[in-house]
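S.K.: A predicted structure for the sequence below; I have some questions about it.
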Amino acid sequence: MARSFLDGVLGAFSQDMAIDLGTASTAIHVRRRGVVCREPSVVALYSDHNGDRRVLAVGQEARAMLGRTPPDVEVVRPLRDGVIADFEVTEAMLRMFMHQCMGPNHVVRPRTVLSIPTSTIDVERRAIRECAEAAGSREVHLVEEPLAAALGAGLDVSEAAGNMVIDVGGGTTEIAVISMGRIANHATLKVGGDQMDEAIVRYLRDARGLLVGPVTAEELKIHLGAAAPAGRRDGNTAMDVRGRDLVTGYPRALRVHQDEVREALSGIVQLIVDCLLATLDKTSPELAADIVDKGIVMTGGGAQLRRLDRALGQATGLPIIVVDDPASAVARGAGMALDHIEVLGAALA
Ligand SMILES: Nc1ncnc2c1ncn2[C@@H]1O[C@H](COP(=O)(O)OP(=O)(O)OP(=O)(O)O)[C@@H](O)[C@H]1O
Ligand SMILES: [Mg+2]
C-alpha cells in the first residue's frame, strides 16, 4: 500500500519510458509523448594513451564517423544479436539517449520497460536490467519483443486466439505465435538487416570487384533492395556507388542495378521464408486456423524491404500485414505494456 502510494507520487513527476534497445537502432517511447528518440545503436570512443576509453559521440553523430576515424577513435555497436556485447558502452549510450528524451527539467528517475529477444537467457536478462538501472532507471521491467511488437501493431494479445508476428530487425528476425498474452511458440533467426548489408558487400566484391563499406551497402538496400522482382518498373532502378577497386586498389564509382541488389539479398530472404514456414509447421492446428483468418503481422525496420511482404505471402499462402512505421512498433508496444504494468503483471518480468 505504502509502496503504491509512493509510486503514485513519483509517477506523477517521472517520465516513464519504453525502450527498444536494438542491435541496429534504439527507439524510446515516452508516456503521452510517443516515440521521441530513434537513433542508431552506435558509439564513437576515443582512447587516450593510457588506454582509457571516453565516449566521443553516440547515435547518428557516431554513425557518420563509421569507417572515417583516426586510429585513436573507434566506432562500435555495443549490441549483437539483440543482446549486450559491451556492457559499459551500452550503459553510456543508453544513459545519453535517456537524457536526451527527458529534457532538462526531470526530477525523478523514470520507470522503464525494455524489450528483449524471446530467447534471452537469464544472465543476459540480468545484464540488461543492471544496464538500464545504471543508466538511470528507477525501476526496470522487461517485455519480450514479439509481445511488444504485437501490442504496437494494435493486436489484442490477451484474447484466446492465435496472433502471429514477424519482426525483421538489424541483427535478428523474431517470429512468434501469441495467444492469451503469452508466446505459444517462437523462433529466432540470427539474420536481419545487417546480414542483408553484408550480402550486398560480398556480392559487389565477388561479382563486380568493388569493395564498399557497410554504410554504402545499407544505402543500396534501402534505395534499390527488394525481396522479389517488380511487376512494373520501380522508380529507382540503379544507383551510383563508390568504393575501392579490388584490382587497381584505387577508388572507383560504379553503377549498381536493382536486379543485382535483389540477387544479393535472395539468400537472406530465403532464410527468412524457411524460418517462417518452419515456425508455422510447429503451430497447433487451432492457432494455425486463427492465423489463416488474420494473417501475419510484420514489424521491424527490415519489414520495409520492398516486396518482402509479397515474398512471405507467396511462400505461406497467408496475408502479410506490414504495420505503420514498422521500425517503431516494438517501442510503441512496450510503451503500451508500461501503461498496463498492473494488468500485464506476469507477462512483464
Ligand atoms: N527501407 C528499408 N528497406 C530495408 N531495410 C531497411 C529499411 N529501412 C531500415 N531498414 C533496416 O532495418 C534494420 C533496423 O531495423 P530495427 O530498427 O527494427 O532493428 P533493431 O531493432 O535495432 O534490431 P534487432 O531487433 O535485431 O535488435 C537495419 O538493418 C536497416 O538497414
Ligand atoms: Mg528490434
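M.R.: Thanks, I have the structure now. Ligands and ions are numbered 1, 2, ... in the order given.

S.K.: Report the rounded mean pLDDT for stretch 326-339.
M.R.: Mean pLDDT, computed over stretch 326-339, is 94.

S.K.: buried residues in it?
M.R.: Buried residues in stretch 326-339, counting neighbours by 16 or more other C-beta atoms under 10 Å, are found at 326-338. Where you see a C-beta, it was placed from the backbone N, CA and C, and this is true even at glycine.

S.K.: which ones are touching the residue in the stretch 101-250 of the chain that ligand 1 sits nearest to?
M.R.: The stretch 101-250 of the chain approaches ligand 1 most closely through Gly193 (1.9 Å), counting by C-beta to the nearest ligand atom. Listed by C-beta atoms under 8 Å, 6 or more residues apart in numbering, the contact partners of Gly193 are Ala24, Val168, Gly169, Gly170, Gly171, Glu218, Lys221, Gly301, Gly302.

S.K.: For the first one, which non-adjacent residue is spatially closest?
M.R.: When you say that, I think you mean Ala24. Once flanking residues are discounted, Ala24 sits nearest to Gly170: 2.5 Å by C-beta to C-beta, 6 or more residues apart in numbering.

S.K.: and the strand or helix carrying Asp290, what does it pack onto?
M.R.: According to DSSP states H and E, Asp290 maps onto helix 285-294. In this structure, helix 285-294 packs against strand 163-168, strand 173-179, with contacts taken as 3 or more C-beta pairs under 8 Å, 6 or more residues apart in numbering; DSSP states H and E.

S.K.: Buried deepest among those strands, which one?
M.R.: strand 163-168 (a mean of 30; mean count of other C-beta atoms under 10 Å).

S.K.: What residues does the chain have near ligand 2?
M.R.: Gly22, Gly169 (C-beta under 5 Å from the ion).

S.K.: at 6 Å what do you get?
M.R.: Asp20, Gly22, Asp167, Gly169, Gly300, Val330 (C-beta under 6 Å from the ion).

S.K.: Can you get me a residue count around the fourth one?
M.R.: In other words, Gly169. The burial count assigned to Gly169 is 28, neighbours taken as other C-beta atoms under 10 Å.

S.K.: Backbone dihedrals for the residue positioned nearest the centre of the chain, please?
M.R.: What sits nearest the mean C-alpha location of the chain, by C-alpha atoms, centre = their mean, is Gly169, with 3.9 Å. Main-chain dihedrals, Gly169, degrees, to the nearest 10: phi -100, psi -160.

S.K.: is it true that it touches Gly22?
M.R.: Yes: contact criterion C-beta atoms under 8 Å: Gly169 and Gly22 qualify, at 5.7 Å.

S.K.: Overlap in contacts, the two.
M.R.: Common contact partners of Gly169 and Gly22 (C-beta under 8 Å, 6+ apart): Gly82.

S.K.: Would you give the sheet partners of the helix or strand where Arg38 lies, along with the direction of each?
M.R.: Per DSSP H and E: Arg38 is located in strand 34-40. Taking DSSP bridges as the criterion, strand 34-40 forms sheet pairs with strand 25-30 (antiparallel).

S.K.: ok, back up a step: could you dump the helices and strands packed on helix 285-294 to TSV with mean pLDDT?
M.R.: Shown next, in TSV, are the helices and strands packed on helix 285-294 (pLDDT from 0 to 100):
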stretch	mean pLDDT
strand 163-168	98
strand 173-179	97
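
S.K.: can you pull the alpha-carbon coordinates of stretch 35-48 into PDB?
M.R.: Extracted as PDB, the C-alpha positions of stretch 35-48 are listed here (Å, rounded to 0.1, in the frame of the first residue of the first chain):
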ATOM      1  CA  VAL A  35       8.400   7.800 -29.800                       C
ATOM      2  CA  VAL A  36      10.700  10.700 -29.100                       C
ATOM      3  CA  CYS A  37      14.000   9.200 -30.000                       C
ATOM      4  CA  ARG A  38      15.200   6.900 -32.700                       C
ATOM      5  CA  GLU A  39      19.000   6.700 -33.000                       C
ATOM      6  CA  PRO A  40      21.400   4.200 -34.400                       C
ATOM      7  CA  SER A  41      22.900   2.000 -31.600                       C
ATOM      8  CA  VAL A  42      26.300   3.200 -32.300                       C
ATOM      9  CA  VAL A  43      29.000   4.800 -30.100                       C
ATOM     10  CA  ALA A  44      32.300   6.500 -31.100                       C
ATOM     11  CA  LEU A  45      35.000   6.000 -28.500                       C
ATOM     12  CA  TYR A  46      38.200   7.900 -28.000                       C
ATOM     13  CA  SER A  47      41.200   6.000 -26.400                       C
ATOM     14  CA  ASP A  48      43.900   8.100 -24.700                       C
END
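
S.K.: If anything else comes up later, I'll come back, but that's it for now.
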